[in-house]
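Student: from the sequence below, what's the structure:
(2 chains)
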Amino acid sequence: AQTVTQSQPEMSVQEAETVTLSCTYDTSESNYYLFWYKQPPSRQMILVIRQEAYKQQNATENRFSVNFQKAAKSFSLKISDSQLGDTAMYFCAFMKPEVGDDMRFGAGTRLTVKP
Amino acid sequence: DVKVTQSSRYLVKRTGEKVFLECVQDMDHENMFWYRQDPGLGLRLIYFSYDVKMKEKGDIPEGYSVSREKKERFSLILESASTNQTSMYLCASSLRSGVWYFGPGTRLTVL
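Tutor: You can find the predicted model right below:
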C-alpha cells in the first residue's frame, strides 16, 4: 500500500518570506498523481497544486511550486511571498489513476504565517 | 460550480445511538468517498463507492457502514456510536481520474 509522510507537524514563516513543506511517499507504481491540499480554518479542502508522475517538469501555480524528485520519492511544496491567508493545514496526497482508486494523505503540516 | 454538501457541520450524539452522515454532490460524479480526519493522522479512508450500490472498504471500516442508493448521495452510518468515533468526517467526490471535490466536513462528537 502507498504511504505518504509529512515529517513537519508545524511550521511558521514571516509574511512575504518563502517556506518549503516536505513530503515523501512510498510506492512501487510508475504512474500516479501527487497533490498538495490546503485546509484553512473554514475546513474546506482546497487543491493547491497537482503533479503527474510522468511529467518531469515541476508544477507551478502562482506563488506555489513543487520540487518533484521521482527517484527519491519526494514532493515538496514551496510557498513564495507568504501571505496571512496562507495560514492553514497543508496535506500532501497520492493517487493512482485507476477506476475507483482512492487518495492517500499524509498527516498534515500546520503552517502559520506571522505578520 | 461543483458542490459537495454534507448534512451537518456539527453533530453531537450519545454513545450507542445510530448516526447518519449524508453527503450529496451535484455533478454526476461516479466516485464518492468518506474519510475521517484526526490530528496527527491526516485523512484516513473509511469507505468509498465507484458506482450506485457499489461500495468498497477503506483502511478503517470497522464500526461504519455506507449506503449509495442514488448516484448523488453517499451516506455514512455509525450503527452504534462510540466515543472513539468522535472526529471530523469529510466526504469527497470525483470523476474517474478527475479532480476531487470535498465537502465542508462534519465535526461529530459522541458523548
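Student: now do the contacts for residue B:77.
Tutor: B:18-21, B:64-67 (C-beta atoms under 8 Å, 6 or more residues apart in numbering or on different chains). For the C-beta atoms, the positions are set from N, CA and C on the backbone; glycine is no exception.
Student: so it bridges to which residues?
Tutor: Here residue B:77 sits in beta bridges with residue B:20, residue B:65, going by DSSP bridges.
Student: count the residues that sit near the residue of chain B found nearest chain A.
Tutor: Closest approach between chain B and chain A, counting by C-beta to the nearest C-beta: residue B:50, at 3.3 Å. Under the neighbour criterion other C-beta atoms under 10 Å in any protein chain shown, residue B:50 is assigned a count of 20.
Student: C-terminal to the lowest-mean-pLDDT helix or strand in chain B, what's the next element?
Tutor: Among the helices and strands of chain B, strand B:100-102 carries the lowest confidence by mean pLDDT, DSSP states H and E, at a mean of 91. Sequence-wise, the next helix or strand downstream of strand B:100-102 (DSSP states H and E) is strand B:106-110.
Student: can you pull the residues of chain B lying near chain A?
Tutor: Residues of chain B lying near chain A by C-beta under 8 Å from any C-beta of the partner chain: B:31, B:33, B:35, B:40-45, B:48, B:50, B:54, B:56, B:58, B:88, B:90, B:92, B:96-97, B:99-100, B:102, B:104-105.
Student: re earlier: weed out the non-buried ones from the contacts of residue B:77.
Tutor: The neighbour-count criterion (16 or more other C-beta atoms under 10 Å in any protein chain shown) marks B:19, B:21, B:64, B:66-67 among these as buried.
Student: you'd agree residue A:7 is up against residue A:22?
Tutor: Yes: under the criterion of C-beta atoms under 8 Å, residue A:7 makes contact with residue A:22 at 5.8 Å.
Student: shared neighbours of those two, anything?
Tutor: By C-beta under 8 Å, 6+ apart, no residue touches both residue A:7 and residue A:22.
Student: which of these two has more neighbours?
Tutor: residue A:22 (17 against 11).
Student: quick one: residues contacting residue A:67.
Tutor: A:20, A:58, A:74-76, A:78.
Student: which of those residues count as buried?
Tutor: For these, buried by 16+ other C-beta under 10 Å: A:75-76, A:78.
Student: got the residues you listed as a markdown table, with pLDDT, distance to chain B and secondary structure columns?
Tutor: Shown next, in a markdown table, are these (pLDDT from 0 to 100; distance: C-beta to the nearest C-beta, whole Å; DSSP: H, G, I helix; E, B strand; the rest coil):
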| residue | pLDDT | distance to chain B | secondary structure |
| --- | --- | --- | --- |
| A:75 | 97 | 15 | strand |
| A:76 | 98 | 17 | strand |
| A:78 | 98 | 21 | strand |
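Student: between these, which is nearest residue B:72?
Tutor: Nearest to residue B:72 among the buried ones among the contacts of residue A:67 is residue A:75, at 32.7 Å by C-beta to C-beta.
Student: for that closest one, give its distance to residue A:33.
Tutor: To residue A:33, residue A:75 is 10 Å away according to C-beta to C-beta, to the nearest Å.
Student: now do the shared contacts for these two.
Tutor: By C-beta under 8 Å, 6+ apart, the residues touching both residue A:75 and residue A:33 are residue A:51.
Student: list the contacts for the residue sitting nearest the centre point of chain B?
Tutor: Per C-alpha atoms, centre = their mean, the C-alpha nearest to the average position across chain B is that of residue B:34, at 3.2 Å. Contacts for residue B:34 (C-beta under 8 Å, 6+ apart) come out as B:21, B:23, B:45-48, B:58, B:64, B:66, B:74, B:76, B:89-91.
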